[in-house]
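**Student:** let me see the structure of the following:
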Amino acid sequence: MKKSILIAVIAILGFNTAASAQEFVYFGAKGGVNFTNMSSDGFDDEKMQTGFHLGLVSEIPLSDRFSLQPEVLYATQGTEANRTFAGQNFNGEYRLDYIQVPVLAKLYLIDGLSIEAGPSFNFLVEEEYNFESDLADGEFDPEAGSAFEFGGAIGASYKFNNGFFASARYTQGFTDVFDSENWDDDAVKNNGIQVGIGLMF
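**Tutor:** Down below sits the predicted model:
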């Protein structure tokens, strides 16, 4: 998994270096809050979970109004949900932390205001499950999460003249959160909203 993350980061840095031969490349940092959930037929009464994202971003202008924006973020995902297992009802809170590598196409509608969309390559780095049931309460690492998740993002951002920017986007996982070997047949997908601010240099 660490090798996959390293390869993804090197690929983005290499892409930035190649692009800089033709266009100026902007670099920056961003962070913000996540409101995330998981969708599954096996969950009841899902509730959004609040988390965060933090990381690095670059922007590669390809024309006056079109850019590519690769990012490397540490982001938390999760949900609170009820689940019935072996005849027992479990009220659980899942948390999964990812290194997310979105590569977004960015179109400026007017000066400063842009829309953005693209794929996201997400690598699981940590997971945690807290639960309450009639029998017991507990907290543990289930080691059931898929090491890699393919997803996408769509949103909008506004960049000020001083380099500060604000963004909001919807994220959706396209592949299962949990490995089929470690989970039952219910498909589980991540989804959420990221709202953040940052500074581009």
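**Student:** do a quick rundown of the strands in the chain.
**Tutor:** Assigned by DSSP state E, the chain shows strands spanning 26-39, 44-47, 49-61, 66-85, 88-110, 113-133, 137-140, 148-159, 164-173, 189-200.
**Student:** comparing those strands, which gets the lowest mean pLDDT score?
**Tutor:** Lowest mean pLDDT within the strands of the chain: strand 137-140, a mean of 64.
**Student:** so which residue is smack in the middle of this structure?
**Tutor:** Gln100 (5.1 Å; C-alpha atoms, centre = their mean).
**Student:** that one pairs with what?
**Tutor:** Leu73, Asn122 (DSSP bridges).
**Student:** contact partners for it?
**Tutor:** Gln100 sits next to His53, Gly55, Glu71, Val72, Leu73, Tyr74, Ala75, Ser120, Phe121, Asn122, Phe123, Gly151 when contact means C-beta atoms under 8 Å, 6 or more residues apart in numbering. In short, each C-beta sits where N, CA and C put it, glycine included.
**Student:** check Phe178 too.
**Tutor:** Taking C-beta under 8 Å, 6+ apart as the test, what Phe178 contacts is Ala144, Gly145, Ser146, Val188.
**Student:** phi and psi next, for the closest residue to it other than its chain neighbours.
**Tutor:** Of all residues not flanking Phe178 in the chain, Ala144 sits nearest, at 4.8 Å (C-beta to C-beta, 6 or more residues apart in numbering). The phi/psi pair for Ala144 (degrees, to the nearest 10) reads phi -110, psi -10.
**Student:** that concludes my questions; thank you for your assistance.
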